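J.: 3D model of this:
(chains A and B)
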Amino acid sequence: MCFWKKAVFPFLVVCIVALLLVISRINPQLFGQGWGLIALVIIVAAIILFYWRFEQRKASSREVAVVAVLGTIAAAGRIPFAVFPSIQPVTFIVIVSGYIFGPQAGFMAGSTAALVSNFFLGQGPWTPWQMLAWGLAGASAGLMGKYFPTAGKTCMTLFCVVWGYLFGWILNLWTWAGFINPLNWQSFVATCAASFWFDTFHAAGNAVFYLFFGPSFIKILRRYHRKLKVVFLPDANCAHFPHG
Amino acid sequence: MYENFFYQDKGLFLQSLHPAAILAYLCILLVLALLFSNPVYLVGLLLVLVLNISAAQGGEVWGIYLKIGLGFALPIIIINALLARGGETIIWAGPNIPVLGRLTISLEAICYSAAMSVRLFIVISIFCLYNLVVHPDRVLALLSRFASKTALILSLATRLFPSMVRQMANIQEAMMIRGVDFQTGNLKQKLKSHAVLINILLLSSLEDSLEIAEAMHARAFGSGPRSSYQRHVWRPRDSFCLGGAILAFGLAVCAQITGYSTFEFYPRLGCLLKNTMAVFNLVFIVVFLSVPAVLSWGWRRCPYFNAKI
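T.: Coordinates of the predicted model:
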């Protein structure tokens, strides 16, 4: 019963997206030229589902505070590096956070960093895409930490490089889906080619950050991750007098 | 520079709207911008946004947003103009590029590029308007009803961000006094000095996070269902603005279904306004969406009107 109650919300979200897709097939003109609206709906639905999943689990005050602080550090990291084009430590900080604290904390830190930094740097149509891209970077790093906890420096550096390009490609989707015609692989390649140097700088920056500071960041975060796991032992007096 | 983008309370009419009303209004504007491809309808939406941004006294910030938009518009114009092959009025036929195929520029593709650039500026202007009139705290308060933990994380991060930026400036100053030069050296040296800054920030902030957690624990975080207190009052002005937006949305959906607001770019340019109904539709959509700007004008000039809404 509890499972069904919990499954209602994600089921409704998926149904709404599916309904929009069906309507777009029946009457393509209804949603206008391109896939801008449908793509935005899918992205927002994906973010809502990730947040909904986080709401469902029990999180301690320490977990909430650490996730908020990690998201803020990643967001604040955008400011001193604003002078370097596309070289920002956000992706690196989010990946390292996800790797240590797990997929959900990684997603929350990444999406929080995007949303909060844009309150100050300017919200734009790129915000939901940045939230999803950085969130996925954190979540995938969390999975990496879960299934490959002994991943070495080379492996993690490559992971950071890959996310430098993936982040750019995910962000390219909003211009491609909403403003480009025709929507084929040639036009997507052209859109990615337009941002190639920015993505390359981003990927190179991630690799440099990880090579120089990855191990020290991981050491610090691992120490705080251990501090999160506090177990309250039953009080000896209460154990003797449970009703007292 | 960063203060420009953050919400500044100017006591404006648009800033006094209920967060749910203004968010719904902005969402409808965004949906309509992505729905319409007819250039005249897009220009109509841009006009509504110009009225609203001037009512929000945000000309300066809008200028910055338009400059950012220009950076996005350029690749959109180039890619659309070169890769679209549906147009019949060929202006220029270029070479055959291995991956992209034969490059051609047609009149229809240029018109499509121009229309999409207008759409891009509309979308960017909607977010500019959001920055000008919606306080992040009011949205987060609204969100706390449905997603308390998420709202708490976002509220904490929004609060911590300015103090962390100040803390970062303090650390930078302390490092400069100790002889670290952030301005000179090659890219590697600059990156290294800036990343050390982030390292110190990480250590001190994580210590602070434990104190925040203790404070939350002391205030009974997680001990039971969370209560929430809403201070926002739903007033007639909210109903007017939301009502206008819903009517405009309904008309837009009808116009899309009947084809009044659609426009064919390929293979040849279609008619901008097919009949008088298309004109009426456009006028009514613009009028309904202009309700907040018109109310804002009346709110500033007539105290009686101000008291009534």
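
J.: Strands of chain B, start to end?
T.: Read by DSSP state E, chain B holds these strands, from start to end of the chain: B:90-97, B:101-106.

J.: I'd like to know which of the ones you listed is closest to chain A.
T.: Minimum separation from chain A across the strands of chain B (CB to the nearest CB) falls at strand B:101-106, 6.3 Å. Heads up, the C-betas are built off the backbone N, CA and C, glycines and all.

J.: wait, isn't residue B:266 in contact with residue B:84?
T.: Yes. Taking CB atoms under 8 Å as the definition, residue B:266 is a contact partner of residue B:84 at 7.3 Å.

J.: what residues are shared contacts of those two?
T.: Contact criterion CB atoms under 8 Å, 6 or more residues apart in numbering or on different chains; residues shared by residue B:266 and residue B:84: B:108, B:112.

J.: top helix in chain B by residue count?
T.: helix B:187-218 (DSSP state H).

J.: With chain A instead?
T.: Here the longest helix in chain A is taken by residue count, with DSSP H as the criterion, and it is helix A:196-228.

J.: That one versus helix B:187-218: what angle between them?
T.: With axes from the mean of the first three to the mean of the last three CA atoms, to 10 degrees defining the directions, helix A:196-228 sits at 40 degrees from helix B:187-218.

J.: And the longest helix of chain B, how far out from the chain middle?
T.: Helix B:187-218 sits 30 Å away from the centroid of its parent chain (CA atoms, centre = their mean, to the nearest Å).

J.: ok, is it in contact with chain A or not?
T.: Yes. Part of helix B:187-218 sits close enough to chain A to count as contact by CB under 8 Å from any CB of the partner chain, namely B:187-188, B:190-192, B:194-195, B:197-199, B:201-203, B:205-206, B:208-210, B:212-214, B:216-217.

J.: Next, the contact list for the residue lying closest to residue B:118 once chain neighbours are set aside, please.
T.: Closest residue in space to residue B:118, ignoring its immediate chain neighbours: residue B:42 at 4.6 Å, by CB to CB, 6 or more residues apart in numbering or on different chains. Residue B:42 makes contacts with B:33, B:36, B:115, B:118-119, B:122, as judged by CB under 8 Å, 6+ apart.

J.: now do 10 Å
T.: Shown in contact with residue B:42 (CB atoms under 10 Å, 6 or more residues apart in numbering or on different chains): B:32-33, B:36, B:114-119, B:121-122, B:261, B:263.

J.: now do residue A:48
T.: Applying CB under 10 Å, 6+ apart to residue A:48 gives the contacts A:9-10, A:13, B:146-147, B:150.

J.: repeat that for 7 Å
T.: residue A:13 (CB atoms under 7 Å, 6 or more residues apart in numbering or on different chains).

J.: sorry, back to before: make CSV out of the strands of chain B and add mean neighbour count, mean pLDDT and distance to chain A.
T.: CSV is the format used below for the strands of chain B (neighbours: other CB atoms under 10 Å in any protein chain shown; pLDDT from 0 to 100; distance: least, CB to the nearest CB, whole Å):
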stretch, mean neighbour count, mean pLDDT, distance to chain A
strand B:90-97, 10, 88, 9
strand B:101-106, 16, 88, 6
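
J.: export these to JSON lines and tack on distance to residue A:135?
T.: Putting the strands of chain B into JSON lines (distance: least, CB to CB, whole Å) gives the following:
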{"stretch": "strand B:90-97", "distance to residue A:135": "36"}
{"stretch": "strand B:101-106", "distance to residue A:135": "36"}
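
J.: what about stretch A:79-97, start to end distance?
T.: Distance between the two ends of stretch A:79-97: 19 Å, counting by CA to CA, to the nearest Å.

J.: returning to that earlier point: ok, which of the strands of chain B comes nearest residue B:67?
T.: Between residue B:67 and these, the tightest spacing by CB to CB is seen for strand B:101-106, at 26.1 Å.

J.: For residue A:228, which non-adjacent residue is closest in space?
T.: residue A:62 (4.9 Å).

J.: I'd say the one you found and residue A:226 touch.
T.: No. In this structure, residue A:62 is not within contact of residue A:226 by CB atoms under 7 Å, at 11.4 Å.

J.: out of the two, which sits in the busier spot?
T.: Applying other CB atoms under 10 Å in any protein chain shown to residue A:62 and residue A:226 shows that residue A:62 carries more neighbours, namely 20 against 10.

J.: Checking my notes, the more buried one in a helix, right?
T.: Yes. Counting by DSSP: H, G, I helix; E, B strand; the rest coil, residue A:62 is found in a helix.

J.: Contacts only, for it.
T.: So residue A:62 contacts A:228, B:210, B:213 (CB under 7 Å, 6+ apart).

J.: Same check on residue A:56?
T.: Residue A:56 makes contacts with residue A:6, as judged by CB under 7 Å, 6+ apart.

J.: please redo it, this time with the cut-off set to 10 Å
T.: Shown here is residue A:56, whose contacts under the criterion CB under 10 Å, 6+ apart are A:6, A:9-10, B:149.

J.: next one: residue B:124
T.: Taking CB under 10 Å, 6+ apart as the test, what residue B:124 contacts is A:122, A:124-126, B:33, B:49, B:62, B:65-66, B:68-70, B:72-73.

J.: Out of those, which sit inside helices?
T.: B:33, B:49, B:62, B:65-66, B:68-70, B:72-73.

J.: Farthest pair within the residues you listed?
T.: Put simply, by CB to CB the two of the ones in helices among the contacts of residue B:124 set farthest apart are B:33 and B:70, 17.6 Å from each other.

J.: ok, residue B:125 - contacts?
T.: Contacts for residue B:125 were tallied using CB under 10 Å, 6+ apart; they are B:29, B:33, B:45-46, B:48-50, B:52-53, B:58, B:62, B:65-66, B:69.

J.: Tell me the one of the residues you listed nearest chain A?
T.: Looking across the contacts of residue B:125 and measuring by CB to the nearest CB, the closest to chain A is residue B:65, at 7.0 Å.

J.: I'd like the distance between the closest one and residue B:207.
T.: Computed as CB to CB, to the nearest Å, the residue B:65 to residue B:207 distance reads 38 Å.

J.: Neighbour count: those two, which is higher?
T.: Under the neighbour definition other CB under 10 Å, residue B:65 and residue B:207 were set side by side, and residue B:65 has more, 23 against 11.

J.: isn't the more buried one right next to residue B:71, touching?
T.: No. Using CB atoms under 10 Å, residue B:65 is not in contact with residue B:71, being 11.0 Å away.

J.: dump the residue contacts of the nearest residue to residue A:39 once chain neighbours are set aside.
T.: The shortest distance from residue A:39 to any residue other than its chain neighbours is 3.9 Å, reached at residue A:177 (CB to CB, 6+ apart). When contacts are counted by CB under 10 Å, 6+ apart, residue A:177 touches A:34-40, A:42-43, A:183, A:188, A:191, B:34.
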